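**Q** Predicted model and sequence follow; I will ask about them next.
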Amino acid sequence: MNELQDVESQREILAKLDAAKRELAESTEDLQRIDIRNYARAVAAESAIFGRKDIQVQAANLVMDAERMIAKQTALNGKMVDNQGRKNKYVITKAASKKGLSRSNIWYMYEAHRHFTDEEFEEKKAQALETGIPLTRRYLVDVGKRKHKPAPKIYCGDNLSILSNIPDGSVNLVYTDPPFNTGESQNGHGISYSDDFGDTEAYLDFLRPRFEEVHRVLHPTGSLFFHIDNRESHYCKIMLDKIFGRESFINEIIWAYDFGGRSKKRWAAKHDTIFWYAKNPKCYTFNSDERDRIPYMAPGLVGEEKAARGKFPTDVWWHTIVPTASSERTGYPTQKPLGVVARIVKVHSNPGDMLLDLFAGSGTLGEAAAQNKRCSILIDESPDAIQIMRQRLKDFNIEVING
């Protein structure tokens with residue numbers, strides 16, 4: 001290939017890239033028709049022949065943009081199952097389209113379903129299909145707020161007996177931070193509780209019936225996030241594998257921090273483990289767009305634009321503990337940071353969902369849920385914990401039961 005042909009070919013590749021970008025920007029209605037992904041991949045392959053790394057990067061980014069837009073369009077067209085597992089978008093779209101409702105009205109109708117029981121939703125849907133009027137944005141927002149205020153329910157008592165009264169499949173997300181069986185008492189600001197179950201077998205005998213109940217109350221698309229440290233984590237995972245099934249294990253998340261004492265005899269232990277189990281490993285809530293972004297560790301390797309945008313977290317989460325002087329600090333000795341729990345809440349649940357923490361402690365899940373318009377059930381048998389949660393959540397219309 002001579003030099004002139006080389007230049008012309010590279011211009012042709014750039015023209016293809018520009019054309020692909022234009023098609024992507026203009027194709028908001030039918031992305032499947034143009035299949036921009038294959039087009040962009042072809043551009044990337046051709047550019048590799050000429051060593052044009054800049055074009056390859058642009059084409060790769062174009063593929064990712066197309067994937068995201070196709071996923072959103074697919075959800076709107078009814079080809080993804082409702083995260084709540086109660087209604088299929090296609091069914092709603094098909095029924096509403098026959099009545100001449102607009103695309104936005106159909107979308108709001110679907111979003112409304114998460115605020116109602118099946119019976120209530122059928123009534124609202126029938127009204128909308130008959131009139132075409134009620135399901136405006138303002139109407140849905142107002143009704144949703146009235147029906148599902150983010151009011152935490154705080155239960156004082158044994159979590160096993162309280163769990164037994166929660167209906168099957170009624171909880172969308174469980175995050176819990178059980179005792180770690182450290183063999184010591186946990187103390188702080190006048191609060192103290194024993195964290196000694198003796199041997200591992202006794203500890204697992206305590207946990208097992210409680211997480212069998214957790215599996216029962218979880219919604220079909222719900223998830224469990226089980227927070228533990230290195231002492232008992234391996235044994236707890238085997239227990240959870242038996243309850244949920246090994247195929248339901250999705251991630252082992254490492255929460256790493258860098259405060260506290262330093263041992264002179266071994267590497268300092270500065271991480272906890274969070275096991276993520278989905279009740280149905282083929283259908284669970286994962287709101288990808290709700291993921292926050294974090295800085296690259298080596299921003300110079302990715303270019304200014306990507307460095308400025310940041311990256312999505314991996315399964316290792318660097319996040320500080322709750323500082324002693326922080327306004328977030330409640331005085332509870334094993335309080336977990338709001339930032340870690342809020343990340344789980346936003347990605348793995350939806351507004352109006354019911355969340356549960358059966359070892360609620362300082363009530364971090366309750367605050368994360370209320371701030372993000374979720375409801376929550378918080379259980380703890382310690383009167384000190386109940387008092388801390390009362391104070392921490394006083395602005396969120398709490399209901400305290402037996403406390």
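**A** Looks like it arrived, so ask away.

**Q** longest strand of the protein?
**A** strand 218-228 (DSSP state E).

**Q** Packing partners of the following helix or strand past that strand?
**A** Tracing the chain past strand 218-228, the next element assigned as helix or strand by DSSP states H and E is helix 233-244. Taking 3 or more CB pairs under 8 Å, 6 or more residues apart in numbering; DSSP states H and E as the contact definition, the neighbouring helices and strands of helix 233-244 are helix 200-217, strand 218-228, strand 249-256, strand 271-278. All C-beta spots, glycine's among them, are computed from the backbone N, C-alpha and C.

**Q** And helix 233-244, what's buried?
**A** 233, 235-237, 239-240, 243-244 (16 or more other CB atoms under 10 Å).

**Q** just curious, which of these is nearest to E381?
**A** When these are ranked by distance to E381 (CB to CB), C236 comes first, at 20.3 Å.

**Q** Do I have it right that that closest one meets I228?
**A** Yes: under the criterion of CB atoms under 8 Å, C236 makes contact with I228 at 5.4 Å.

**Q** What score does R22 have for pLDDT?
**A** Confidence per residue is given as pLDDT, and for R22 that number is 68.

**Q** if we can go back for a sec, so which of the buried residues of helix 233-244 is the closest to D380?
**A** Using CB to CB, the buried residues of helix 233-244 come closest to D380 at C236, 19.6 Å.

**Q** Could you measure from that closest one over to Y277?
**A** When CB to CB, to the nearest Å is the yardstick, C236 and Y277 sit 11 Å from each other.

**Q** overlap in contacts of these two?
**A** By CB atoms under 8 Å, 6 or more residues apart in numbering, C236 and Y277 have these common neighbours: F226.

**Q** For R216, grab the count of nearby residues.
**A** As a burial measure, the neighbour count of R216 was computed by other CB atoms under 10 Å and equals 17.

**Q** Who are the contact partners of it?
**A** 168-169.

**Q** Where does the prediction get shaky in the chain?
**A** Scanning the chain for pLDDT under 70 picks out 1-11, 13-14, 16-17, 20-150, 189, 403.

**Q** what ranges do the strands span in it?
**A** Shown for the chain, the strands assigned by DSSP E span residues 152-156, 171-176, 184-188, 191-195, 218-228, 249-256, 271-278, 316-318, 354-357, 375-380, 399-401.

**Q** how about the last one: buried residues?
**A** Spelled out, it's strand 399-401. Buried residues in strand 399-401, counting neighbours by 16+ other CB under 10 Å, are found at V400.

**Q** And for the fourth one?
**A** Neighbour-count burial for strand 191-195, with 16+ other CB under 10 Å as criterion, is recorded at 191, 193, 195.

**Q** For S382, see how far away the closest residue in space to D384 that isn't next to it in sequence is.
**A** Excluding the flanking residues, the one nearest D384 by CB to CB, 6 or more residues apart in numbering is I191, at 4.6 Å. Counting by CB to CB, the separation of I191 from S382 is 8 Å.

**Q** Then T320?
**A** Computed with CB to CB, the distance linking T320 and S382 is 25 Å.

**Q** who has more neighbours, those two?
**A** It is S382, of T320 and S382, that has more neighbours when counted by other CB under 10 Å, with 17 against 12.

**Q** contacting residues for that one?
**A** Under the criterion of CB under 8 Å, 6+ apart, the contact list for S382 reads 191, 193.

**Q** joint contacts of C236 and I228?
**A** F275.

**Q** hang on, the earlier thing: turn the buried residues of strand 191-195 into TSV, columns for distance to F312.
**A** Formatted as TSV, those follow (distance: CB to CB, whole Å):
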residue	distance to F312
I191	36
Y193	37
D195	34
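
**Q** between the residues you listed, which is nearest E212?
**A** The shortest separation between E212 and any of these is 22.2 Å, and it belongs to D195 (by CB to CB).

**Q** from memory that closest one sits against N187, does it?
**A** No: in this structure D195 lies outside contact range of N187 using CB under 8 Å: 10.2 Å.

**Q** separation between the closest residue to F259 other than its chain neighbours and P333?
**A** The spatially closest residue to F259, leaving aside those adjacent along the chain, is I321, at 5.1 Å (CB to CB, 6+ apart). According to CB to CB, I321 and P333 sit 12 Å apart.

**Q** now swap in A278 and tell me
**A** The span separating A278 from P333 equals 31 Å under the rule CB to CB.

**Q** Compare the two (neighbour count), which wins?
**A** For A278 versus P333, neighbours defined as other CB under 10 Å are more numerous around A278 (24 against 17).

**Q** Tell me the bridge partners for the more buried one.
**A** Taking DSSP bridges, one finds S223 as the beta-bridge partners of A278.

**Q** Name the residues of the longest strand of the chain that are buried.
**A** 218-219, 221-228.
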